[in-house]
Structure formats: structure tokens, C-alpha cells
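Q: Predicted structure and sequence below. I'll ask about it afterward.
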Amino acid sequence: MDVQRIFISLSVCLASTMAIASQPNPSLEVYGHPQQLVDIGGRRLNLYCLGQGSPTVILESGLGGSTIVWRTVHADLAKTTRVCAYDRAAFGYSDPGPLPRDTRHLADDLAALTRAASLRPPYVLVGASLGGMIVRLYADTHLRDVGGMVLVDPEPEHEEKRLDAVSPGFIQRVKHSIESDRACLSALEAGVPAPGSKAAADCVDDPDPDFPPAVNAHFAEITSHPPYYRESLSEEEEAIGAGSDQVAASKRSYGDLPLIVLTSTTPESPDPNHPDPYFDARTKVVIEMHDEIARLSSRGENRTVPGATHHIMLSAPQAVIGAINEVVAEVRRERSAVRPQH
């Protein structure tokens, strides 16, 4: 796992989750406007639900992500049950939230959203990257409402310390990524960057040929103003500090909860001229950390996904769809087994 997979500058993070096509995909028009703005107590989070049935699948994105990162799996999953993705504070179409954006506050926002939107448990929580820490912390404190979990290349708490041990300079690259986002925040606080300026090139999201104009315009708009970077930067900083501490302190056994961890095995953007000599060593450590997370449940399983990059829902969507549907089916079997017989 390299630093660009978790602690990545916002503009590169968005670009890395966008497929390239010759013409805009009209099915993505839905991401050009809010879906459902849910008031969680004086501010709103954007919620996008499809399908019917129980359990409810909740999709939690990684750093800088919004509902659109689930575009290759959301509709397919909705053929089986109700599936909801949402935008965290200041991302997508959601209002900004109070700082700091540590894991506890992010998990509390998720809890507030489930209540305000009347999303009925049990939930199958799906967390990608940083979202893995969020749904784990939610489960630690709301385990009664959780029927199962799927973690998509999740970020383990304080992973940077263990990765730095096998990849010299890893922590410094993490800090450099944070400083790059801090520089973008400072530049945007001074005003909307002029087209062609260094700030525009470094910070404002480029249009993606696969996205309709309204979607590209929205991403350019939010990455031209401070709130997005302010909250993304806070998430980055807290993830390697208090946020990781919170997850470590709350860690508990999940009993026999259905739990599948998916682990990628391929670099996000390999450079054939300068191959990363430490990628394999880091991947080995990531597999070990993901094995540890899987062991939080007696039924936990860590699966490596050959050829998948960090955004597995985009590079290997069927692996994600299959794992989620497997957990959904298991939750339904368990509920049927304990249903009173008449």
C-alpha cells in the first residue's frame, strides 16, 4: 500500500477514482445534483438510496470520496436489497461540519444520519479505505444494529507506523501529502484560483470525459473553495492521530458477525520507469493488518483481490458486489433462523 492509496491530495484522489471514456455516461447524470438532503441537526448530509428490502447496506467512502465512487456497484447491489451511499460533511452535496473531523465525529454523523433518515437496522456496513475506520467505530458502539460488514481495502488504525518500518520515508510522504492539501487550503482561502494558475492546476478538479458536464462542474466548484479542503485536511490529520487512537481504544470482538475484508494487490498508478521497490513489502504488511481486522469476528475473512487497485469498487466491482451480496444473504439466513415459528 503506498501513500497515494490513503493519504492522497484531494485532486489526485478524485482523478484516481474516475474512469476514462470518449463520451459522457448519461447514467451518471444523477450525480449532478443532490439526491436527498437529510437534516441531522442544523446541517444536511446528502443521502442516495436505491432498492428495497432488508438488511440496509450503507456505503461509506474513503478520503475525499462521495456517492459517485460507488457508481459501478450501487445499482447492481440495489437489485438485492436497499443500498444507501452518502456524502460526508463538505463532500459531494453535504453541508460542512464542525472540526475536527476525527473518526468519532464521523461515526457520530453516520449514527445521526441513520436516525434522521429512518434507516432501519440491521445494517450491512461497507467501508472503503478511511471509511473502514468509520464503520468499525460505528460498529464498536452500535453492534446491536449491525448485521454484517464488508471492508474494502480498509485503512487500519496507525497503519503509517507499521508501513514506515518496511518502506523508509513512508511517514514523510504522508506528511508531504498533508502539507500539499494544506497549501491548497491556504490558496483557496485567498480566493477562487484563476484559470491556469498554479493553485488551479494543483487543487481544482479536472473534468473527466466520462462525467456529464453538470457533474464535472460540481467537482470543480467544490474544489475551488475552502470547505472541501478544510474538512478533507482535518480527516487526513486526524486519521493518523486522534482518529486512529479512537478506533484502537474502542476495538472489541464482533463475535460471529459476518465480516469480509477485501485487499488490493496492484499499485494505483505504477511507473514502469521507476518501480516502487517497497510495494510488495508494504502489501505484505497490509495483508497482515487486514488479517487482524478479520479476526475481530470468528467468521471474519480477508480476501486478496488479484489485479485490483486500492479503489476495488472501480477496478474490480464484481468482487465488491459479490462480497456484499454474500453478507446480505448471511444476515437474511440468520434472521430467518431466529424468526418465531407459528
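A: In hand now; what should we look at?
Q: only C-alpha atoms for contact and neighbour calcs from this point on.
A: Will do.
Q: Show me the helices in the stretch 1-150 of the chain, by range?
A: Taking DSSP state H, counting those that start in this stretch as the test, the helices found in the stretch 1-150 of the chain are 3-6, 10-16, 74-77, 103-116, 130-141.
Q: possible to save these as CSV with mean neighbour count and distance to residue 172?
A: Shown next, in CSV, are the helices of the stretch 1-150 of the chain (neighbours: other Cα atoms under 10 Å; distance: least, Cα to Cα, whole Å):
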stretch, mean neighbour count, distance to residue 172
helix 3-6, 20, 10
helix 10-16, 19, 18
helix 74-77, 20, 36
helix 103-116, 18, 22
helix 130-141, 25, 19
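Q: could these be laid out in TSV, adding distance to residue 90 and mean pLDDT?
A: TSV is the format used below for the helices of the stretch 1-150 of the chain (distance: least, Cα to Cα, whole Å; pLDDT from 0 to 100):
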stretch	distance to residue 90	mean pLDDT
helix 3-6	19	44
helix 10-16	13	42
helix 74-77	21	98
helix 103-116	12	98
helix 130-141	15	98
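Q: Between those, which one is closest to residue 43.
A: Using Cα to Cα as the measure, helix 103-116 is the one of these that comes nearest residue 43, at 10.5 Å.
Q: who does the closest one touch, helix- and strand-wise?
A: If you count contacts as 3 or more Cα pairs under 8 Å, 6 or more residues apart in numbering; DSSP states H and E, helix 103-116 packs onto strand 36-39, helix 130-141, helix 226-239, helix 242-250.
Q: avg pLDDT for the longest one?
A: The average pLDDT within helix 226-239 is 97.
Q: ok, and what's touching that helix?
A: With contact meaning Cα atoms under 8 Å, 6 or more residues apart in numbering, helix 226-239 is reached by 7, 10, 63-64, 89-91, 96-97, 99-103, 130, 157-158, 178, 181-182, 184-185, 188-189, 222-223, 244.
Q: same check, this time on the last one
A: Around helix 242-250, the neighbours that count as contacts under Cα under 8 Å, 6+ apart are 102-104, 133, 136-137, 140-141, 156-158, 238.
Q: Please identify the one among the helices and strands packed on helix 103-116 that comes closest to residue 84.
A: Ranking the helices and strands packed on helix 103-116 by proximity to residue 84 (Cα to Cα) places strand 36-39 first, at 10.7 Å.
Q: returning to that earlier point: make a markdown table out of the helices of the stretch 1-150 of the chain and add distance to residue 284.
A: Formatted as a markdown table, those follow (distance: least, Cα to Cα, whole Å):
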| stretch | distance to residue 284 |
| --- | --- |
| helix 3-6 | 15 |
| helix 10-16 | 23 |
| helix 74-77 | 30 |
| helix 103-116 | 26 |
| helix 130-141 | 19 |
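Q: Mind checking these for the one nearest to residue 36?
A: Shortest distance between residue 36 and those, using Cα to Cα, is found for helix 103-116: 11.4 Å.
Q: That closest one to helix 226-239, inter-axis angle?
A: With axes from the mean of the first three to the mean of the last three Cα atoms, to 10 degrees defining the directions, helix 103-116 sits at 120 degrees from helix 226-239.
Q: then helix 103-116 to PDB, C-alphas only?
A: C-alpha atoms of helix 103-116 as PDB (Å, rounded to 0.1, in the frame of the first residue of the first chain):
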ATOM      1  CA  THR A 103     -13.300   9.200  13.400                       C
ATOM      2  CA  ARG A 104     -15.500   9.600  16.400                       C
ATOM      3  CA  HIS A 105     -17.300  12.700  14.900                       C
ATOM      4  CA  LEU A 106     -17.600  10.900  11.500                       C
ATOM      5  CA  ALA A 107     -19.100   7.800  13.100                       C
ATOM      6  CA  ASP A 108     -21.500  10.100  15.100                       C
ATOM      7  CA  ASP A 109     -22.600  11.700  11.900                       C
ATOM      8  CA  LEU A 110     -23.400   8.300  10.400                       C
ATOM      9  CA  ALA A 111     -25.400   7.500  13.500                       C
ATOM     10  CA  ALA A 112     -27.300  10.800  13.300                       C
ATOM     11  CA  LEU A 113     -28.000  10.100   9.600                       C
ATOM     12  CA  THR A 114     -29.400   6.700  10.200                       C
ATOM     13  CA  ARG A 115     -31.800   8.200  12.800                       C
ATOM     14  CA  ALA A 116     -32.800  11.300  10.800                       C
END
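Q: How far away from the center of its chain is that helix?
A: Chain-centre distance of helix 103-116: 15 Å, with Cα atoms, centre = their mean, to the nearest Å.
Q: cool, stretch 270-279 as well?
A: Relative to its chain's centre, stretch 270-279 lies at 25 Å (Cα atoms, centre = their mean).
Q: for the record, mean pLDDT for it?
A: What stretch 270-279 shows for mean pLDDT is 85.
Q: Compute the first-to-last residue distance for it.
A: This stretch, stretch 270-279, spans 10 Å end to end (Cα to Cα, to the nearest Å).
Q: residues contacting residue 84?
A: With contacts defined as Cα under 8 Å, 6+ apart, residue 84 is in contact with 47-50, 56-59.
Q: In space, what's closest to it - neighbours in sequence excluded?
A: The shortest distance from residue 84 to any non-neighbouring residue, by Cα to Cα, 6 or more residues apart in numbering, is to residue 49 (4.1 Å).
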